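> Sequence and computational prediction follow.
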Amino acid sequence: MNEPFETAVRRHAATVLRVCRAVLGPGADAEDAWSETFLAALQAWPTLPAGTNVEAWLVRVAQRKAIDVTRGQARRPAPTDVPPEAESSLGIPGVDGEVWQAVARLPERQRLAVAYHFLGGLPHAETAELIGGTPEAVRRAAADGIKTLRRRYQPDVPTEGAIR
Amino acid sequence: MTADQQYAETPTSGPAQMFPVDEDDVARLRTRLAGAAQQAGLLDVAYRTIDSPLGPLLLAATEHGLVRVAFEREGFADVLQALATRLSPRVLEAPRRLDAAAAQLEDYFAGRRRSFDLPLDHAMSTGFRRTVQRYLPRIGYGRTESYKEVAEHVGNARAVRAVGTACATNPLPVVVPCHRVVRSDGGLGGYLGGVEAKTLLLELERAA
């Protein structure tokens, strides 16, 4: 790819951040995964074939980095000074965090289908390859997840065509 | 159209509205990425933009030094694309590497600095053009030389036209003072940043 990498960062930064937050919660883990994703992408950028779908490529890199972060988490000893009732790893307080908390409460397959298909824009078939199951099951999981989110979380911003 | 507008995320209906992402968060992550890229040796071309009396300027540097100063009229997106093609596509907005250049340019435009003390990377020019561009800083602050004189000083008295081309394609304007080269008949000659910019720089140096 001979485009300036900055172009890819500007175009896809927000999408990749949404995917990372949906998979890992809206805290530091998601930001670690975002950073690792773009650093790895920067390294590979000059050898990426021209015409590659950059967004889909970045979402796939993000998926691998999210798995790395999750594995690192499992190895890390649990800190003892954090009260066990704290849900801080999967949610930050405040209005902006609400939608991500709602995402975090989805069943895992729905959450991952929402992350990679709805937010990341990967086709059902490709999402199925990443998270297992059939493309049809992914389609249903994503649709169910979004339905639940729309029920639980209504943003103040009126969506297109909404009745006011 | 600014670079920011050009690269801004296209507003999409679903995800962008339902899952808003704070611009400050993205800005913070981009800063962190620039630092990590620098540390990992992956920041081949760092750039930033600054405001100046000549309008916005784009500054770009490799790890060897300042490699490009560009005027807005050149089209920043085109300038970045040329850097990506000629040097490396690992191009990131990373202001820190340009801190010294930005500070010295600010001092220059304020009349507090008469010469630049910056490592330069001449990778964007070759051959005779590079020879001319390396010579130009020897024309002192506030002085001018004709294209003909420059040709003589670089040891090729007949290459007046080529000197003109070398000035017109100077990848490091202002810092490499091609604005100090004028026509023998007293005319200003052309300038990549526009004749007004050339006039402004010469007047700045005359006044200081």
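In hand now; what should we look at?
> tell me, what residue is most central in chain A?
Chain A has A:Val19 as the residue nearest its centroid, 1.5 Å off, counting by C-alpha atoms, centre = their mean.
> residues in contact with that one?
Going by C-beta atoms under 8 Å, 6 or more residues apart in numbering or on different chains, A:Val19 touches A:Val59, A:Ala62, A:Gln63, A:Ala66, A:Ala115, A:Tyr116, A:Leu119, A:Gly120. Yep, even glycine has a C-beta here, placed from its N, CA and C like the rest.
> Is the first one in contact with A:Thr15, as I believe?
Yes. If you go by C-beta atoms under 8 Å, A:Val59 and A:Thr15 touch, sitting 7.3 Å apart.
> what are the ranges of the helices in chain B?
B:3-7, B:14-18, B:23-39, B:76-86, B:99-109, B:127-135, B:147-153, B:160-168, B:195-207 (DSSP state H).
> so which of those comes closest to chain A?
Nearest of these to chain A, taken as C-beta to the nearest C-beta: helix B:3-7 at 3.4 Å.
> Report the mean per-residue pLDDT for the closest one.
Across helix B:3-7, the average pLDDT comes to 45.
> on that earlier part again, redo the helices of chain B as TSV? Include mean neighbour count.
Listed next are the helices of chain B as TSV, based on neighbours: other C-beta atoms under 10 Å in any protein chain shown:
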stretch	mean neighbour count
helix B:3-7	14
helix B:14-18	16
helix B:23-39	16
helix B:76-86	18
helix B:99-109	17
helix B:127-135	18
helix B:147-153	19
helix B:160-168	19
helix B:195-207	16
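> In CSV, list these along with distance to A:Arg139.
Shown next, in CSV, are those (distance: least, C-beta to C-beta, whole Å):
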stretch, distance to A:Arg139
helix B:3-7, 32
helix B:14-18, 15
helix B:23-39, 30
helix B:76-86, 38
helix B:99-109, 50
helix B:127-135, 59
helix B:147-153, 69
helix B:160-168, 58
helix B:195-207, 58
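> Dump these to JSON lines, plus distance to chain A.
What follows is those, written out as JSON lines (distance: least, C-beta to the nearest C-beta, whole Å):
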{"stretch": "helix B:3-7", "distance to chain A": "3"}
{"stretch": "helix B:14-18", "distance to chain A": "5"}
{"stretch": "helix B:23-39", "distance to chain A": "5"}
{"stretch": "helix B:76-86", "distance to chain A": "4"}
{"stretch": "helix B:99-109", "distance to chain A": "18"}
{"stretch": "helix B:127-135", "distance to chain A": "23"}
{"stretch": "helix B:147-153", "distance to chain A": "33"}
{"stretch": "helix B:160-168", "distance to chain A": "24"}
{"stretch": "helix B:195-207", "distance to chain A": "25"}
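> To A:Pro46, which of these lies closest?
Ranking those by proximity to A:Pro46 (C-beta to C-beta) places helix B:76-86 first, at 9.3 Å.
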